[in-house]
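Student: Quick one, structure for this:
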Amino acid sequence: QDNFTASRRLDGGHQEEDQERQRVASGNTDECQEFFLLDGRSPVELPDTWGEARAAFAEICTNEGTPMQECSQHEEHVFSDQPRGMEVFEADTGFCQRLVGD
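Tutor: Predicted coordinates for the structure are as follows:
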């Protein structure tokens, strides 16, 4: 029974570490979600593709009163190394930091 209990604790420890890693990772991408929800869209309307993310970015930027040319420059900076089309939108920490930093 001691070995069983000890192994359960070890497994539990790994699960807690995995959960913490997932929490930190999702916390970084939560910044992206918050940005895309700024214009009042519902969570089900979050972008699914990189093309949708770019379009949403441009819409949010211009709705804030920023001139279209300036928004285009910001988009090029934020999305510089990202696809433009129907590729699945999977934001990493670096992208989310650029997104909310601009």
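
Student: which residues does P83 contact?
Tutor: Under the criterion of C-beta atoms under 8 Å, 6 or more residues apart in numbering, the neighbours of P83 are 50-51. The C-beta positions use only the backbone N, C-alpha and C, and glycine is treated the same way.

Student: Could you grab the helix/strand/coil label for it?
Tutor: Three-state call for P83 (DSSP: H, G, I helix; E, B strand; the rest coil): coil.

Student: How much space separates it from G51?
Tutor: In this structure, P83 and G51 are 8 Å apart, going by C-beta to C-beta, to the nearest Å.

Student: Next up, phi/psi of T49, please.
Tutor: Taking degrees, to the nearest 10, you get phi -120, psi 160 for the backbone angles of T49.

Student: Looks like it contacts F89 (just checking).
Tutor: Yes: with contacts counted by C-beta atoms under 8 Å, T49 reaches F89, the gap being 5.4 Å.

Student: quick one, which of the two is more surrounded?
Tutor: F89 (20 against 15; other C-beta atoms under 10 Å).

Student: Run through the chain and note the low-pLDDT ranges.
Tutor: Along the chain, segments meeting pLDDT under 70 span 1-28, 102.
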